[in-house]
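> Quick check, what structure comes out for this input:
(chains A and B)
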Amino acid sequence: MDLWIVSMALFVVSSLLGGLNYISTILNLRTKGMSMTRLPLTIWAMFFTAVLGVLSFPVLLSGLILLLFDRNLGTSFYLSDIVVNGEILPNEGGSAILFQHLFWFLGHPEVYIILLPAMGMVSEILSVNSRKPIFGYMAMLGSLFAITILAFLVWAHHMFVTGLNPFLGSIFVLLTLLIAVPSAIKVFNWLTTLWRGNIRFTPATLFAIGFVSLFISGGLTGIFLGNSTIDIHLHDTMFVVAHFHIVMGVASFFGMFAGVYHWFPKMFGRYLNSTLGYIHFWVTMIGSYLIFWPMHYQGLAGIPRRYLDKRGWVSFNDFPELDKMITIVSIIVFAMQLMFVFNFIYSIFKGRKVTSTNPWGANTLEWTTPIRPGHGNWPGEIPEVHRWPYDYSKDGREFIPQTEPIGENESKH
Amino acid sequence: MQTFFIVAILGLGFLITFQIAKASEYVAVLRGEEKARKQTNKVNAFMLLAFLIIGMIGVYYCNEKLKGKILGEPASDHGILVDRMLYITIALTGIVFVITQICLFWFAYKYQESDKRKAYYYPHNNKLELIWTVIPAITLTVLVGFGIFYWYKITGKAPENAMIVEVTGKQFGWEFRYPGKDGVLGKKYFKNVSPEKNNPAGQLWEDKYNHDDVFMEQEMHLVVNKPVKLVINAKDVIHDVGLAHFRMKMDAVPGTPTTMWFTPTFTTKQMIEKTGKPDFVYEISCDQMCGKGHYSMRGVIVVETQEEFDAWLAAKKPQYLVANPDKDPAAVKTDTLNKVAAVIN
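Model (predicted):
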C-alpha cells in the first residue's frame, strides 16, 4: 500500500510535467500563421486536458501524502472511532469523507482527462472522413472550455449518499446536470458534421461513429446518476458500472482506437490491416452494448456492484443467465482486443506500406511531412499556416491543406 | 481441460481471422484497391444501418425480457418519489436517445461515399447552435427542478413521531440498537467496545439512557406506516446501508454518524403476496466495497404491525442487563429464590 502511494506520487509528478509540456508547447511553439483559432480540435482537446491535469492532480497528491502520514506517522486525517477485528485504533477526530473529497476532486476531472482527447480526435476524424468541415468549430471550442470549467465543480455528485449536507447536494445536482448542455452541443455538432457529407468508412471513421453512439448512451444515463433523487436508489449499483464503462471506458477507448487507426500510417509508414480493423470494430461495438446495456436493468433492480456471488440473496438472485451471457461476451470482446494488439505489432513491421504523404486527404500539418519524418519533422523550412484546418469540399475542391495561402476569389467561412 | 479447450478455440479463432484478414488484403490488391475500398464502404454503411435497426429491436426485446425483474412497487413513501423521478428521466432521455441514435446511424448510411455526391460545405450556423443549446438547457432545468424538490422532501427533517433505530456496519454484518421506552439512544464511546464484556456497541453504562437500550445483530424490525429514522455508524471501514425495496441508501462512515428516514408502507407478509416470492424478505445490502466479505454483508428487515413489533421488542433484554447481570431484577429475584430454596432444603 505504501509502495502504491509512492508510485502514485511519481505518476502524479510525471503527468504534471507532461501536462506542463503540452501547455507550453501549444502556447509557445506554434508555427507562423497558426493562431489559436486555426488549431485542429485535437490539439485544443489536448490543451484543455493538460490544464485539467495540472490543476487537479496536485490535490490527489496532497490527499495521498496525508494518507501516507496516517499510515506511518500516527496522524488522524482520515481516521476516527475505528475498531478493526476487535483491535481499537487510537485515532480520533479525522474524517474518512475528507479522503473522498480529495480523491474525487481529481477523480471527476480525471474522467474528462480521459474523455476530452477522444472528443478532439473524433471531431478531427469525422470531419476528414465525411469530407466536410467540423460543424460549429467555435461552438466545439466553447463546449470544450465549458466542460473543462464544469469538470472542477461537480466532484461531489459521487458523494450524494455519504451524509453530505442536502443543500450542498442540490448545488451539485445543478452543476452536474449543467454539464449535459455542452455535451449535447458536441453531439449535435458531430451529427451535423455527418449530415450531407460524403463519408468514407475507414476503421477510424467507424470507431468515431461508435464513440458518438456510446457517448450518447452513456451520457444520457449520467443524467440519471447526476440527479441526487435517483442516485439514492442507483448509487453503487450495476447501473453505475454500466454508465461509466460505456461513457468513460468504452467510448474513450473507441476515441483512442479511432486515433490509432487514423494516425498509424503517420507513426510507422504502414497501414494497420483494415479487415482486422473492421472485425475489431464490429465485435467490440456489438459486444459492448451486449455487455453493458442489460446491466442497467440489474442496477435498476438494486443489485450492488462488486458482488462476486449473489446466491446468498433473495432480492438480487434474478439474473443468473444474464450474468453468464455477459461473462461470455466479455471474454470474446477481450480476446478481440488481443487481436488488435497483435495487428498493431504485426503491422509495424509487415503492414501494407504507405505510398503517399497524405493518404486520407487531410488538411492538417502532420500530413505535409515526409512519410517517414526525420528529426524536426520537416526536412527544410517549417511550413507556414494560412487557414483553419477544416476547408473540406470548399469551392469545389475536396480538401485545401492548411499550408495553402488563401486564394483571391475564395469564399469566406 | 476446459480451460485448455477455451484457449485452443480462441487461438484457432485468432489464426483463422488473421488469415482471412491477410488474404483480403491480397484480394483487394488483385481487384484494384479503389474498387475494393468502395465495396467495403458499402458493406460497412449497410452494417451501420442494420446495427441501428437490430439494436433498437434488441433494446425493445431486452426491456420486454427484463422489465418484470426490476423495481416492483416501491415499499416506502420516499420510494414513490424516487420512482416518479426515474420515470420522468427515462421518458425524456428515452426520446433524446432514440432521435440522436437514429440520426447518427441514418446519416452515416444515407451519406456514405458516392461518386454522384459532393459533400456540402457547411461550417457553422449560429441559429442552430442556439437552438440546441437552449432546448437541452430547458429540459435539464425541468429535471433539476423536480430532482431538487424531491431530494429536499427525502432528505428533510424526520417527523416528530419517527421511531429511532441505530444501525452499525462492521466487517461483515449489521448491528442494531433500539432506544427502548425512553426513545433516546444512550451515549457510546468506541474505546468501550468489548464483546467479551457483553458491550459490542461500546455503550457507556453511566448514561441512564443506555439502561433500556436493546442491542441485536443481523435482523431489524420496523413498524408498517410508521416513520423510522436510522442513525447510521460504521465500526471499521465505510459501509453503506442499501435498501433496494425502500429505494433508500446511506453510507455508514466510521466516526461520522449519518441519518436517513422513511416510512415503510408494506409489511413483509404483504410483500410476499405482492412479489409472489414465498421466501421474500427485505434485505439490507452493503453497497460500499468494504473488504473480502462485502458480497455477503446481508441484513434482514422485518416490517410488521405495531402489535407484532411490541411483542417482539418486549421479549428482548436490554444490553445493560446482559452486561451487568447483577443489576437485573429478574436475575436477582431468581437468585434470592434459589438461596431461599437452598436454605429450606
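> Domain map for chain B?
If you go by automatic domain parsing, the domain ranges for chain B are B:1-31, B:34-66+B:76-112+B:123-156, B:163-328.
> Make TSV from the ones you listed and add mean neighbour count to it.
Every C-beta, even on glycine, is put in place using the N, C-alpha and C of the backbone. Converted to TSV, the domains of chain B look like this (neighbours: other CB atoms under 10 Å in any protein chain shown):
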stretch	mean neighbour count
domain B:1-31	12
domain B:34-66+B:76-112+B:123-156	17
domain B:163-328	19
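> Lowest mean pLDDT among the helices and strands of chain B, which one is it?
helix B:329-344 (a mean of 63; mean pLDDT, DSSP states H and E).
> What residue in chain A is the furthest from its centre?
What lies farthest from the middle of chain A is residue A:86; by CA atoms, centre = their mean that is 43.9 Å.
> Residue A:54 versus the closest residue to that residue other than its chain neighbours, what's the distance?
Nearest residue to residue A:86 in three dimensions, chain neighbours excluded: residue B:195, at 7.2 Å (CB to CB, 6 or more residues apart in numbering or on different chains). According to CB to CB, to the nearest Å, residue B:195 stands 50 Å off from residue A:54.
> Which parts of chain A are helices?
Assigned by DSSP state H, chain A shows helices spanning A:2-28, A:41-72, A:96-129, A:137-151, A:166-178, A:180-194, A:203-225, A:228-234, A:238-244, A:251-268, A:274-300, A:320-350.
> can I see the domain layout of chain A?
If you go by automatic domain parsing, chain A breaks into A:1-78+A:91-200, A:209-354.
> can you redo those as CSV with mean pLDDT, mean neighbour count and distance to chain B?
Putting these into CSV (pLDDT from 0 to 100; neighbours: other CB atoms under 10 Å in any protein chain shown; distance: least, CB to the nearest CB, whole Å) gives the following:
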stretch, mean pLDDT, mean neighbour count, distance to chain B
domain A:1-78+A:91-200, 95, 19, 3
domain A:209-354, 95, 21, 3
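> Compare the ones you listed and give me the one nearest residue B:244.
domain A:209-354 (2.8 Å; CB to CB).
> The closest one spans what distance, first to last residue?
Using CA to CA, to the nearest Å, the end-to-end distance of domain A:209-354 comes to 25 Å.
> repeat for stretch A:36-43
End residues of stretch A:36-43 are separated by 10 Å (CA to CA).
> Residues in contact with that stretch: which ones?
Residues outside stretch A:36-43 that contact it (CB atoms under 8 Å, 6 or more residues apart in numbering or on different chains): A:26, A:30, A:47, A:117, A:119-121, A:123-124, A:134, A:137-138, A:140-141, A:144, A:364, A:385, A:387-389, A:402.
> Likewise for stretch A:244-254?
A:111, A:114-115, A:118, A:207-208, A:210-211, A:214-215, A:217-219, A:221-222, A:284, A:288, A:291-292.
> returning to that earlier point: do you know which of the helices of chain A lies nearest residue B:68?
The nearest among these, by CB to CB, is helix A:274-300 at 10.1 Å.
> so what secondary structure elements neighbour that closest one?
Contacts defined by 3 or more CB pairs under 8 Å, 6 or more residues apart in numbering or on different chains; DSSP states H and E place helix A:274-300 against helix A:203-225, helix A:238-244, helix A:251-268, helix A:320-350, helix B:2-31, helix B:33-66.
> for chain B, what spans make up the helices?
B:2-31, B:33-66, B:77-110, B:126-155, B:268-275, B:306-314, B:319-323, B:329-344.
> With just CA atoms, put the shortest one into PDB.
The C-alpha trace of helix B:319-323 is given here as PDB (Å, rounded to 0.1, in the frame of the first residue of the first chain):
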ATOM      1  CA  GLN B 319     -28.000  -4.900  26.800                       C
ATOM      2  CA  TYR B 320     -27.400  -3.100  30.100                       C
ATOM      3  CA  LEU B 321     -28.700  -6.100  32.000                       C
ATOM      4  CA  VAL B 322     -26.900  -8.600  29.700                       C
ATOM      5  CA  ALA B 323     -23.600  -6.800  30.500                       C
END
